[in-house]
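J.: no sequence on this one, just coordinates:
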């Protein structure tokens with residue numbers, strides 16, 4: 001009986017030992033599996049980082065290329081085109097035309113000197129005079145039609161006592177053409193329009 005027990009215990013020991021040996025034999029393979037699983041993940045991370053670096057390098061290269069093209073374009077751009085030159089020329093011509101064009105201005109003693117290069121006429125104008133207001137309105141409505149070099153000076157009839165005495169003006173709506181020294185060249189009254197004023201100039 002005891003012999004049978006020994007045989008059974010021995011068998012169990014052998015079987016148990018075999019299980020332990022089999023378990024120990026299989027356990028070393030587990031780290032390898034884990035490493036194999038982690039390896040592709042790490043490779044993927046490395047590939048991603050590599051792609052990001054390559055994209056960054058390509059972006060930098062593209063930016064450098066764009067900057068170089070912009071600088072090259074700026075260098076190739078002419079400082080001034082023919083169209084710009086023409087515009088500047090036109091502006092200068094317009095300025096010259098404005099300087100030499102006729103004008104309607106408030107009287108000032110120094111403005112008589114404009115007669116050196118053109119014609120100056122004094123318009124003795126009263127704000128309360130209906131016919132003065134009519135011709136004043138006509139002149140303002142046709143400012144662009146005042147001939148080049150003609151200057152019409154608006155003299156306040158009520159306050160210009162010295163000028164009225166100098167030119168013998170006794171009533172409003174009187175015109176006196178003068179030279180650059182203020183000498184009278186012509187005098188007339190009651191011109192109803194700008195064109196009529198111009199027709200009296202000498």
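T.: Cool, got the structure. Note that the structure is a prediction, hence the values are computed from the model and not measured.

J.: what about the strands in the protein?
T.: 103-106, 119-125, 150-156, 174-178, 184-189 (DSSP state E).

J.: which stretches of the chain have low pLDDT?
T.: 1-7, 10-100 (pLDDT under 70).

J.: now with 90?
T.: 1-101 (pLDDT under 90).

J.: now residue 179. Nearest residue, chain neighbours left out?
T.: Leaving aside its sequence neighbours, residue 179 sits nearest to residue 115 (Cβ to Cβ, 6 or more residues apart in numbering; 5.1 Å). In this view, the C-beta of every residue, glycine as well, is placed from N, C-alpha and C.

J.: now that neighbour: how far from residue 169?
T.: 18 Å (Cβ to Cβ, to the nearest Å).

J.: can you check residue 141 too?
T.: When residue 141 is compared with residue 169 (using Cβ to Cβ), they lie 25 Å apart.

J.: and residue 160, by the same measure?
T.: Going from residue 160 to residue 169 by Cβ to Cβ gives 8 Å.

J.: still on that earlier bit, got the contact list for the residue nearest to residue 179?
T.: By Cβ atoms under 8 Å, 6 or more residues apart in numbering, the contact list for residue 115 reads 151, 178-180.

J.: related to what we said a few turns ago, in JSON lines, list the strands of the chain along with distance to residue 136 and mean neighbour count.
T.: Formatted as JSON lines, the strands of the chain follow (distance: least, Cβ to Cβ, whole Å; neighbours: other Cβ atoms under 10 Å):
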{"stretch": "strand 103-106", "distance to residue 136": "9", "mean neighbour count": "14"}
{"stretch": "strand 119-125", "distance to residue 136": "6", "mean neighbour count": "24"}
{"stretch": "strand 150-156", "distance to residue 136": "8", "mean neighbour count": "20"}
{"stretch": "strand 174-178", "distance to residue 136": "12", "mean neighbour count": "22"}
{"stretch": "strand 184-189", "distance to residue 136": "15", "mean neighbour count": "14"}
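
J.: present those strands as a markdown table; the columns should include distance to residue 131.
T.: Formatted as a markdown table, the strands of the chain follow (distance: least, Cβ to Cβ, whole Å):
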| stretch | distance to residue 131 |
| --- | --- |
| strand 103-106 | 17 |
| strand 119-125 | 10 |
| strand 150-156 | 15 |
| strand 174-178 | 11 |
| strand 184-189 | 9 |
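
J.: how about the ones you listed, which one is nearest residue 135?
T.: The minimum distance between residue 135 and the strands of the chain falls on strand 119-125, with 7.8 Å, by Cβ to Cβ.

J.: so what does that closest one touch, helix or strand wise?
T.: When contacts are defined as 3 or more Cβ pairs under 8 Å, 6 or more residues apart in numbering; DSSP states H and E, strand 119-125 packs onto helix 130-141, strand 150-156, helix 161-167, strand 174-178.

J.: note down every partner strand of the shortest one and its orientation.
T.: This means strand 174-178. strand 119-125 (antiparallel), strand 184-189 (antiparallel) (DSSP bridges).

J.: quick one on the thing from earlier: quick check: the residue nearest to residue 179 vs residue 9, distance?
T.: Residue 115 sits 147 Å away from residue 9, going by Cβ to Cβ.

J.: same deal with residue 193?
T.: 146 Å.
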